[in-house]
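Trainee: The sequence isn't on hand, but the structure is:
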DNA sequence: TGTCATATCACCTATTTAGAGTCATTTTTC
DNA sequence: GAAAAATGACTCTAAATAGGTGATATGACA
């Protein structure tokens, strides 16, 4: 039985204590090895091509010009196959979403202990997305539609088509109604959502989770 | 030490074998009890007010008029505090997203064993969102923005404002540029995205994860 | 079972906004 | 110093929005 090569872990974290503590935990495992660790993104990015990390443990709050979210964007551009796990003290919602948009595939807190850190590495290696209960729920809740929409079924259907970029004519053709009818529905939608254009309606719909 | 009241679990699943097997597992726990189980949504919804479930285990594929996704919508309207866990054989992406939009807070497969089922119940009770590795990753990947956007920084900025429902005039005021310049940028955006209207641009931007 | 409210559908006439095409100048970036 | 990006201007056409009016269909409910 041939043993798998160790997964290459890169650590980007400005606090030297956390850095060395994380490094020790990672290196204690048979499956992972720390290829390098840096105190800022800029240095890490310079050596990306030689470090070739499979996994990056990225601090969100970093000193210098580039924070962890910007760093994640750049690392994902230069090394799309590296999986990035965000490490942070906060579980603030906006930051989590920004981090995920930038390309992170996991999200753990700095208070993570030996087991939590290693199981996050295991989880991401097998194609999962390690995160705390709280963040999992935040992310899921973000999908939920508003069950108390002011719009009728038909209006929602039409709003959906608007959000797909359809014109009045296309909507009427798709729903087998006249153009004038589409317009009436849309007027009613605008009045209920208090908007005055398609794109405003789409923005409102996303904000209020109507579609 | 006073013991917590058992969490009330409702099972909606048409296969009697799975239904009774799940029921047995749930009832075997000190923390949970099955208040009722049904073979379809309609019956479950009729008795919602007396069953008062804390957690609903909902089969996605159901016989009769209403599937699990439609059922979830209605149960969430009538009983917003019930947490719903979807149970399915498939992990197909579109169905997962539809299920989550409808209001589900967890997603497990029918092959779930004793431990997996109970830990999903535990997880949702403590405010988390139980799901498989694969689904967690799907959900997270859904957030990731395209790192190879064809748009420039300024164009992305303007596309963002379009998606917020701003008019040409508002965009030019917000960015301190002339209306004509906004129009030029937008024309360039349209040409790059191969669209011909604001709402189409927004649809494309969401589809291709540009903003 | 009638009636009331709402949703749905249709038409009309403005005015405003957006889109297509072409071109030119300045600023950044590499 | 070339290339890319950002800025600006003009014309003309198409589409969307604002404001009316009114007719059916449908469902809730007393």
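Mentor: Great, that's in hand. Remember, it's a predicted structure, so these values are computed and weren't measured experimentally.
Trainee: Centre-most residue in chain A?
Mentor: Closest residue to the average C-alpha location of chain A: residue A:100 at 1.8 Å, with C-alpha atoms, centre = their mean.
Trainee: can you pull the contacts of the residue nearest to that residue when sequence neighbours are not counted?
Mentor: Once flanking residues are discounted, residue A:100 sits nearest to residue B:143: 3.8 Å by C-beta to C-beta, 6 or more residues apart in numbering or on different chains. All C-beta atoms are positioned from the backbone trio N, CA, C, and that covers glycine. For residue B:143, the contacting residues are A:97, A:100-101, A:139, by C-beta atoms under 8 Å, 6 or more residues apart in numbering or on different chains.
Trainee: Now the helix or strand harbouring residue A:96: average pLDDT?
Mentor: When secondary structure is defined by DSSP states H and E, residue A:96 falls within helix A:93-102. For helix A:93-102, mean pLDDT is 92.
Trainee: Could you list the low-confidence segments of chain A?
Mentor: In the predicted model of chain A, residues A:1-2 satisfy pLDDT under 70.
Trainee: what's the farthest-apart pair in the contacts of residue B:143?
Mentor: Set against one another by C-beta to C-beta, the contacts of residue B:143 have their most distant pair in A:101 and A:139, with a gap of 11.7 Å.
Trainee: what about the helix holding residue A:96, distance to the chain center?
Mentor: Mean C-alpha position of helix A:93-102 versus that of the full chain (C-alpha atoms, centre = their mean, to the nearest Å) differs by 5 Å.
Trainee: which bits of chain A sit near DNA strand D?
Mentor: Taking C-beta under 7 Å from any atom of the strand as the test, the list of chain A residues beside DNA strand D reads A:167-169, A:183-184, A:186-187, A:190, A:196-198.
Trainee: Dump these into a markdown table; add secondary structure and neighbour count as well.
Mentor: Formatted as a markdown table, the residues of chain A next to DNA strand D follow (DSSP: H, G, I helix; E, B strand; the rest coil; neighbours: other C-beta atoms under 10 Å in any protein chain shown):
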| residue | secondary structure | neighbour count |
| --- | --- | --- |
| A:167 | coil | 17 |
| A:168 | helix | 18 |
| A:169 | helix | 10 |
| A:183 | helix | 13 |
| A:184 | helix | 12 |
| A:186 | helix | 19 |
| A:187 | helix | 10 |
| A:190 | helix | 16 |
| A:196 | coil | 11 |
| A:197 | coil | 14 |
| A:198 | helix | 24 |
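Trainee: Out of the residues you listed, which is nearest to chain B?
Mentor: residue A:198 (4.6 Å; C-beta to the nearest C-beta).
Trainee: So what's the residue count around the residue nearest to the closest one when sequence neighbours are not counted?
Mentor: Excluding its sequence neighbours, the residue lying closest to residue A:198 (C-beta to C-beta, 6+ apart) is residue B:199, at 4.6 Å. The burial metric for residue B:199, expressed as a neighbour count using other C-beta atoms under 10 Å in any protein chain shown, is 22.
Trainee: dump the residue contacts of residue B:199.
Mentor: By C-beta under 8 Å, 6+ apart, the residues touching residue B:199 are A:162-166, A:198-199, A:202.
Trainee: top of the residues you listed by neighbour count?
Mentor: Within the contacts of residue B:199, most neighbours by other C-beta under 10 Å means residue A:202, with 28 neighbours.
Trainee: any idea how far that one is from residue B:153?
Mentor: With distances defined as C-beta to C-beta, to the nearest Å, the gap from residue A:202 to residue B:153 amounts to 23 Å.
Trainee: can you give me the strands in chain A?
Mentor: Along chain A, the segments classed as strands by DSSP state E run A:7-12, A:32-38, A:55-59, A:83-88, A:106-109.
Trainee: can the fourth one be found next to chain B?
Mentor: No. Remark: strand A:83-88 sits outside contact range of chain B, by C-beta under 8 Å from any C-beta of the partner chain, the gap being at least 9.7 Å.
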